[in-house]
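# A predicted structure for the sequence below; I have some questions about it.
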Amino acid sequence: MSELTVSFEFFPPKTDKGMENLRKVRSELAEEVPNFFSVTYGAGGSTQDRTFKTVAEFNAMETATAPHLTCVGATVEGLHELLGKYKDIGVNRIVALRGDLPSGTVGGTGEFRYASDLVAFLKEHYGDVFKLEVAAYPEMHPQAPNFNADIENFVTKAKAGADSALTQYFFNPDAYFHFVEQVQKRGVDIPIIPGIMPIINYSNLARFSDACGAEIPRWIRKQLESYGDDVESIQKFGEEVVTELTGCLIDGGAPGIHFYTMNKSEPTLNIMENLGLRIHQQEDVEII
């Protein structure tokens, strides 16, 4: 069995205080020697400047940092300009996505329609300069007409030149294993890394999940609802659930784990510690 990969995802902060906090979080997570960090990109490229600045700062440190790159609203000229900048600062990994349409937008925009178009463009013009990650949806993309169509869309972008995939978060391990089985039957064998979302805030999680099509199983949803505003109980139960999920995925042969950190270190580190994945442990200091 190959070595398990671990990666952490951030979103670009909107304020100086948020950036200061993220620097601390990145430093704490870097001690676990992840394979890479990734930084998200807003709908229609709305956070492009903040994404670039965050990636530029973090990639100059000891851990490679991969920017998300969306093709909604993008132009060939604009992509070449941005990719040239990333190449110049030593970025060697891209998370290539279609991206969400900006609020109020109807239909496609820009010169690319699908993530597979972006992957093919990157491979044609940049070869192996960038390792390419793509998105996978074990519970189906919310805009896909049906599961088989979504599988075929994934296969298309994988065969266009993707090196590996990161999944949307989920709480049903069977959905992941079924998705992997289906794409492998279609001749795709790239690593598909499950995305893990620590449960920090139930109302936010429910809103995110409804928007992206990630199902919260009824038993989990009802237990979380029963805690009301008891944040400590929500997080304790959430940690137990996500630890068990992650352990099941690892035991089932998942090649890696990608944590959606929400720009916090403690929830992710707690899960890793529960599973014996931590490399660095805080040593107790004897006070005399």
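Good, I have the coordinates.
# quick one: low-confidence ranges for the stretch 151-288 of the chain?
Residue ranges of the stretch 151-288 of the chain with pLDDT under 70: 281-288.
# where along it do the helices fall?
Assigned by DSSP state H, counting those that start in this stretch, the stretch 151-288 of the chain shows helices spanning 173-185, 202-212, 218-226, 231-251, 266-274.
# and of the ones you listed, who's closest to Glu81?
helix 202-212 (29.7 Å; CB to CB). (Each C-beta comes from the backbone N, C-alpha and C, glycine too.)
# any idea how far Pro13 lies from Glu225?
Distance check for Pro13 against Glu225: by CB to CB, to the nearest Å, it reads 30 Å.
# neighbour count winner among the two?
Per other CB atoms under 10 Å, whichever of Pro13 and Glu225 has more neighbours is Pro13, with 18 against 12.
# secondary structure class for that one?
Following DSSP: H, G, I helix; E, B strand; the rest coil, we place Pro13 in the coil state.
# was I right to think it contacts Glu57?
No: counting by CB atoms under 8 Å, Pro13 stays clear of Glu57, with 11.4 Å between them.
# highest average neighbour count across the helices of the stretch 151-288 of the chain?
The highest mean neighbour count among the helices of the stretch 151-288 of the chain, using mean count of other CB atoms under 10 Å, belongs to helix 266-274: a mean of 19.
# just the CA trace of it, in CSV.
Output of helix 266-274 as CSV, limited to C-alpha atoms (Å, rounded to 0.1, in the frame of the first residue of the first chain):
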residue,chain,number,x,y,z
GLU,A,266,-7.7,22.5,16.0
PRO,A,267,-10.7,20.5,14.6
THR,A,268,-8.5,18.9,11.8
LEU,A,269,-5.6,18.2,14.2
ASN,A,270,-8.0,16.6,16.7
ILE,A,271,-9.3,14.2,14.0
MET,A,272,-5.7,13.4,12.9
GLU,A,273,-4.7,12.8,16.5
ASN,A,274,-7.6,10.4,17.0
